[in-house]
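In: pasting the sequence and the predicted coordinates here, then a few questions.
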Amino acid sequence: MPNSPLSIALISIARPTFDVPLAQSVADTVAVRLAEAGHRVLGTGAELLMDGVGAVRAVASLADGGYDLLILLQASFADASMAVEIAQANRANGAPLLLWAVPEARDGGRLRLNSLCGINLAGHALQHRALAYDYQLCPADAPHALEKVEQLARAGRARRVLAQARIGLVGEHPAGFDTCVYDADELGELFGATVVPLSLAQTLQAAAAVDDAPRQAFLERVGGYLSNLDEMEPTATKGTAGVYAALRQRVDDEKLDGVAVRCWPEFFTELGCAACGAMSMLTEDGSPCSCEADVNGTLTLVLLQAIAGEQPFITDLVNVDGASDTAVLWHCGLAPFSMADTQQPVQATLHSNRKLPLLFEFTLKPGRVTVARLHRIPDRGYRLVIGGGDMLRAPRSFGGTSGVIRFDRPALDVFDTVMREGLEHHFCIVYGDYRESLRAFAGLAGLEVLELA
């Protein structure tokens with residue numbers, strides 16, 4: 001669910017021949033700062049572990065897993081034996097491991113902690129055992145000290161989420177949309193994710209059979225965002241409400257983390273309504289949806305939501321302008337309301353091609369965004385596309401939901417990469433800058449990274 005706390009296991013090691021009170025002060029500061037930042041602190045915490053018995057206790061504290069990051073705090077020097085034992089226990093949990101050392105003042109006196117040398121020994125030992133780690137050298141109370149902690153923990157949380165993710169697939173992707181092809185076996189091997197096929201025909205039947213009360217509840221909810229819902233054809237809007245209720249029920253029953261929906265043509269031709277508004281609200285609920293049965297796109301949405309703790313959006317790149325160095329990200333109307341620029345109109349609308357409701361029309365709010373896509377290359381597997389940019393406040397570019405973005409690279413260069421690499425037509429965005437966490441996730445999952453912007 002979006003905005004859940006990060007769970008961080010803290011293990012603090014030291015040696016009694018160094019300045020134990022100072023080491024304890026370092027460990028206490030780290031533990032307090034983690035808690036003050038809203039993180040859930042697990043492991044043995046600020047207790048200083050100094051021998052093999054302490055290492056056994058540390059390993060026992062990690063046995064149940066459930067944490068997003070393991071911090072091995074070198075509160076003072078210690079040899080590598082405890083670090084190796086703890087890192088080997090962490091391997092089964094698959095969480096990223098951060099070695100943290102603190103610097104010391106060159107005051108001409110005693111080397112009180114020798115923390116840096118401790119992580120040097122640990123890094124060498126872990127490297128020789130193929131145990132992955134990252135590190136940081138900074139004071140426990142440094143303003144930036146928790147930045148890398150949060151980046152790695154978000155990556156670890158995403159790995160945990162994807163390891164048990166269940167993606168519902170309603171129908172099959174439309175003919176000619178090879179960009180929506182996926183490999184279920186490889187998704188399972190890489191991430192642990194499961195694709196759950198859902199009958200399109202049964203979904204349509206369930207949507208048609210929804211009672212009036214759930215339909216009315218949906219319309220009252222979306223009516224709180226929209227100024228013109230009563231202008232839409234009521235039978236069709238009730239149809240979209242039924243789609244939401246049917247999909248919501250499948251999400252709950254099957255414990256789905258996201259849904260890839262064959263949104264056309266059957267919802268239009270058989271139910272006389274658009275699925276887009278329903279998918280928007282499911283994404284707002286924290287169950288992200290993609291259109292055109294794009295499983296890889298939906299899994300990317302789940303990844304971004306796990307990383308950021310915010311609702312994501314799947315979109316097309318539909319316009320690139322070299323003169324203004326901007327591009328337009330657009331879709332027909334399934335962005336979550338939380339992305340709307342509230343200084344501009346938020347309205348109900350019709351599908352631009354099918355002329356049926358219910359979709360939402362608004363411009364995306366200004367702010368920093370992260371762009372990502374799980375990109376599949378036949379016979380080569382998956383890699384992770386990562387980019388960033390700034391969503392600008394601008395007039396509506398097209399009907400539906402859209403935003404004007406200035407990428408971190410020139411827009412024409414970004415488009416050149418899209419074309420030369422043969423990337424999919426769907427990209428996923430979330431507000432905030434989470435590129436480092438995505439890179440860390442790629443490292444955990446063994447994915448090659450393609451830098452888009």
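Out: Received the coordinates, thanks.
In: the longest helix belonging to the chain: which residues count as buried?
Out: Of all the segments assigned as helix in the chain under DSSP state H, the longest by residue count is helix 234-254. By neighbour count with 16 or more other CB atoms under 10 Å, helix 234-254 contains the buried residues 236-248, 250-251. Every C-beta, even on glycine, is put in place using the N, C-alpha and C of the backbone.
In: likewise stretch 330-344?
Out: For stretch 330-344, using 16+ other CB under 10 Å, the buried residues are W330, H331, C332, G333, L334, A335, P336, F337, M339, A340, D341.
In: now it - C-alpha only, CSV.
Out: Once non-C-alpha atoms are left out, stretch 330-344 reads as follows in CSV (Å, rounded to 0.1, in the frame of the first residue of the first chain):
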residue,chain,number,x,y,z
TRP,A,330,-0.6,11.3,-22.6
HIS,A,331,-3.2,8.7,-22.2
CYS,A,332,-6.9,8.6,-22.9
GLY,A,333,-8.0,9.2,-19.3
LEU,A,334,-6.8,6.7,-16.7
ALA,A,335,-4.3,8.7,-14.6
PRO,A,336,-5.0,8.8,-10.9
PHE,A,337,-6.7,11.9,-9.5
SER,A,338,-3.7,12.4,-7.2
MET,A,339,-1.7,13.5,-10.2
ALA,A,340,-4.1,16.2,-11.3
ASP,A,341,-3.0,19.9,-11.4
THR,A,342,-5.8,21.3,-9.2
GLN,A,343,-5.2,24.8,-10.6
GLN,A,344,-6.7,23.6,-13.8
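In: gap between that stretch and the chain center?
Out: 19 Å (CA atoms, centre = their mean, to the nearest Å).
In: and the longest helix of the chain, what does it pack against?
Out: strand 166-170, strand 194-198, helix 200-208, helix 212-223, strand 258-261, helix 266-271, helix 276-285 (3 or more CB pairs under 8 Å, 6 or more residues apart in numbering; DSSP states H and E).
In: so what are the sheet partners of the shortest one and their directions?
Out: Listed by DSSP bridges, the sheet partners of strand 258-261 and their directions read strand 166-170 (parallel), strand 289-290 (parallel).
In: can you redo those as TSV with mean pLDDT, mean neighbour count and distance to V222?
Out: Below are the strands paired with strand 258-261 laid out as TSV (pLDDT from 0 to 100; neighbours: other CB atoms under 10 Å; distance: least, CB to CB, whole Å):
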stretch	mean pLDDT	mean neighbour count	distance to V222
strand 166-170	98	23	21
strand 289-290	98	31	15
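In: and those: which comes nearest A208?
Out: Between A208 and these, the shortest separation by CB to CB is 14.5 Å, and it involves strand 166-170.
In: any idea which helix or strand comes after the closest one?
Out: Per DSSP states H and E, the first helix or strand lying C-terminal to strand 166-170 is helix 184-191.
In: check contacts around G403.
Out: Contacts for G403 (CB atoms under 8 Å, 6 or more residues apart in numbering) come out as V328, L329, W330, M339, T363, L364, K365, M391, L392, A394, S397.
In: neighbour-wise, which of those residues leads?
Out: Of the contacts of G403, L364 is surrounded by the most neighbours, 28 neighbours in total, counting by other CB atoms under 10 Å.
In: contacting residues for the closest residue to R393 other than its chain neighbours?
Out: Once flanking residues are discounted, R393 sits nearest to P366: 4.3 Å by CB to CB, 6 or more residues apart in numbering. Under the criterion of CB under 8 Å, 6+ apart, the neighbours of P366 are D341, D390, M391, L392, R393.
In: look up phi and psi at A327.
Out: Backbone torsions for A327, taken as degrees, to the nearest 10, come to phi -140, psi 170.
In: list just the nearest of the buried residues of helix 234-254 to V20.
Out: Within the buried residues of helix 234-254, distances to V20 taken as CB to CB reach their minimum at V251, with 52.4 Å.
In: report pLDDT for that closest one.
Out: The score at V251 is 98. That number is its pLDDT.
In: got it, and L444?
Out: 94.
In: my read: it touches L97, true?
Out: No - contact status for L444 versus L97: not in contact, 10.4 Å apart, counting by CB atoms under 8 Å.
In: which of those two has more neighbours?
Out: Neighbour comparison, L444 and L97: the larger count goes to L97, with 25 against 18 (by other CB under 10 Å).
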